[in-house]
Every structure is written in structure tokens, then in C-alpha cells.
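Asks: sequence plus the predicted model coming up.
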Amino acid sequence: MAITASLVKELRERTGAGMMECKKALVETNGDIEAAIESMRKSGMAKADKKADRVAADGIVAIQADMDKKNAVIFEINSETDFVAKGEDFQNFVNAVVATTLASKPADIEALNALTVAGGATVDEARRALIAKIGENISLRRFTVVSTTGVIGAYSHGSRIGVVVDMEGGDEALAKDVAMHIAASKPACISADQMPGDVIEKEREIFTAQAAESGKPADIVAKMVDGRIAKFLKENTLEGQPFVKDPDQTVGQLLKAANAKVISFQRYEVGEGIEKAVDDFAAEVAAQVAAAKS
């Protein structure tokens, strides 16, 4: 069967693949466009599997809320480079995945992967197809669905930091302000009583060792340590931190004045906690030169 330009064009529109890849697939399947699509999907799966071990530490933190703003999802989806993260194909994929997550509220990534997106492919199939197209590993790293009877506040700092706040009392403007504060100040938890005991104990050990070097009596050292623990808790809890838009009051004071209370918050930052390999190009070239001389 003759492989016409219109047939190649149709396959490109349906798959998003390059012209030469589409023509090759059509030649291999004797012009059967459905068979060509299946073949390309299988090829995409194989390419995706080969890239699965590559570190994806860049990407996007995306937030979507429903119409009544009682449900929201915050999602980190990773690529290997910022260049891909800014691309239309990646961003369209992110939007589709986040919308599916908001609509279906899956329990985890595994459950989400089995859901379908526009076009009938599953989320995982769409991810693998995108990997085949752009040539980078794509990872659905983490998401949280927030549902409330109160107020949801959301703030995005570009596409790299996102915060969703579930608040009781107050209004959406206040919740957004609190979300913006969390994005900037990165509190560990809402209040001092939520700070894990092992974290406090570790800080206490460090402060005790530092204070002991002063040579002061034990009772004075104990007071110094207590003071430093109190300062640590203020600096690292949402309610104890000075509000970024008005440092003369704490976030706790701001909330109290509005008769509001933060129930929970989620703060995502792209690549947080992922070890990204740093290529030393100069060292690599030097090693190659040394190997060539030996």
C-alpha cells in the first residue's frame, strides 16, 4: 500500500510523533494506521522502560481546585530538565493528570496510573508515550488531595513551589496569604505541640552541648537550653513565625484575630529531597584524555 502524505499527517496528529517515525511505522505495517499506532505504543513503552532509572529532579508543582473550592489537589510531576518542564507537551500532560486526580481522588500513584485520560490511554500509558516523544524520564512523584468543609487557600511560586492550606474560619484571601507565608518561610508544622519529639530532643542535645561550653552552672545551662528550644519552636512552626506581610505579628496572632485555624497544609517544592547527579564536564574530558594517553 502506498504511504501517502495524508496518511503520515493523520498518524502524526493522532500520536504527536515525528514525521519520519510515523512514515517508518506505516511502512512496517503496510499502511495500516491502527497497527502503526499499536506498534508505536509498544516502541514507546520500551523506550520508557530504558529511561526509568534516569533521575528526574526537575519538573512542575501544579495545583487545581474544583468549582466550589472545597477540593483541591497539589501534585509534583518530574522531568529531567527545566527545558522539558517548560514545554507545551509536558505541561498539557501535567494538566491532564492533575485534573484526573482531582476528579477521581485515587488512593495513590499506582491507582492513578490505571485511570484513563483524554484519548482513552491510561495515565501510565500517556506518561510512557510522552517519554518516548521527548526523550526524558517523566515521574509522577507525589500528590495530596485536600477536601474541606472550611476554606482552601492555594499559592504557587512560579511552577516550582506550591502550597495548599485547609483552614477553618476566615476567608479565601486569608488562606491564600497563609499559603504564601508557608511557601516563603517553610514551617515544619502548624504548632509547637505538633513538632515531633525526636526532633526536639535532637535540638536539645545540640543546644546542651553548645551551652555547656560556656562553663556556666548547670541550672543556668538548663535555662539557656530551654530558651533556645523555645526560639527554635517559634522559628519552625507556622503559628510562631512572624507573618511575612506584617512581621510585627505572628501567624498565630493573625489567625486568632480572624477567628481562624489552620487544619493542615501541604508544601511541595520541585526536586526536594532528590539527589541529582552533577556532571563535571571538565573532569570527564580530563579522564578521557588521560585514558587515551595510557
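Replies: Received it, and whenever you're ready, just let me know what you need. Numbering: from 1, shown residues only.

Asks: so which residues of the protein form strands?
Replies: Using DSSP state E, the strands found in the chain span residues 58-65, 71-79, 139-147, 151-157, 161-168, 242-243, 246-250, 261-269.

Asks: distance from the shortest one to the middle of the chain?
Replies: Spelled out, that is strand 242-243. Distance of strand 242-243 from the chain centroid (C-alpha atoms, centre = their mean, to the nearest Å) equals 25 Å.

Asks: next: the second one.
Replies: Chain-centre distance of strand 71-79: 6 Å, with C-alpha atoms, centre = their mean.

Asks: now the last one
Replies: Averaged C-alpha coordinates place strand 261-269 at 14 Å from its chain's average position (C-alpha atoms, centre = their mean).

Asks: same deal with the fourth one?
Replies: Averaging C-alpha coordinates over strand 151-157 and over its chain gives two centres that are 15 Å apart (C-alpha atoms, centre = their mean).

Asks: cool, the first one as well?
Replies: Taking the mean of its C-alpha atoms, strand 58-65 sits 6 Å from the chain's own mean (C-alpha atoms, centre = their mean).

Asks: if I look at A17, what pLDDT would I see?
Replies: Looking at A17, its pLDDT is 64.

Asks: whoops, D177 was the one
Replies: Among the per-residue scores, D177 shows a pLDDT of 98.

Asks: give me the nearest residue to it, chain neighbours excluded.
Replies: Excluding the flanking residues, the one nearest D177 by C-beta to C-beta, 6 or more residues apart in numbering is K245, at 6.4 Å. Every C-beta, even on glycine, is put in place using the N, C-alpha and C of the backbone.

Asks: where exactly do the helices run in the stretch 51-200 of the chain?
Replies: Residue ranges of the helices in the stretch 51-200 of the chain, as given by DSSP state H, counting those that start in this stretch, are 82-85, 88-104, 109-113, 123-134, 172-185, 197-212.

Asks: what packs against the fifth one?
Replies: Other helices and strands packing on helix 172-185, by 3 or more C-beta pairs under 8 Å, 6 or more residues apart in numbering; DSSP states H and E, are strand 151-157, strand 161-168, helix 251-257, strand 261-269.

Asks: distance to T237, mean pLDDT and mean neighbour count for those - can I get that in a markdown table?
Replies: Shown next, in a markdown table, are the helices and strands packed on helix 172-185 (distance: least, C-beta to C-beta, whole Å; pLDDT from 0 to 100; neighbours: other C-beta atoms under 10 Å):
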| stretch | distance to T237 | mean pLDDT | mean neighbour count |
| --- | --- | --- | --- |
| strand 151-157 | 18 | 97 | 21 |
| strand 161-168 | 15 | 98 | 23 |
| helix 251-257 | 8 | 98 | 18 |
| strand 261-269 | 11 | 97 | 19 |
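
Asks: turn those into JSON lines, including distance to N95.
Replies: Shown next, in JSON lines, are the helices and strands packed on helix 172-185 (distance: least, C-beta to C-beta, whole Å):
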{"stretch": "strand 151-157", "distance to N95": "13"}
{"stretch": "strand 161-168", "distance to N95": "14"}
{"stretch": "helix 251-257", "distance to N95": "32"}
{"stretch": "strand 261-269", "distance to N95": "16"}
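
Asks: so which of these gets nearest A192?
Replies: For the helices and strands packed on helix 172-185, the distance to A192 is smallest for helix 251-257, at 9.9 Å, taking C-beta to C-beta.

Asks: so how far is that closest one off the chain centroid?
Replies: 29 Å.

Asks: residues near the residue nearest to D177, how many?
Replies: K245: 11 surrounding residues under other C-beta atoms under 10 Å.

Asks: same question, R12
Replies: By other C-beta under 10 Å, 15 other residues sit near R12.

Asks: once you drop chain neighbours, what's closest to the residue nearest the centre of the chain?
Replies: Nearest to the mean C-alpha position of the chain, by C-alpha atoms, centre = their mean, lies E76 at 2.1 Å. Excluding its sequence neighbours, the residue lying closest to E76 (C-beta to C-beta, 6+ apart) is R141, at 4.5 Å.

Asks: how about G59?
Replies: The nearest residue in space to G59 (C-beta to C-beta, 6+ apart) is N78, at 3.7 Å.

Asks: does the residue nearest to D177 touch H181 like I think?
Replies: Yes: using C-beta atoms under 8 Å, K245 is in contact with H181, at 7.4 Å.

Asks: my guess is E235 meets Q241, correct?
Replies: Yes: E235 is within contact range of Q241, at 6.7 Å (criterion: C-beta under 8 Å).
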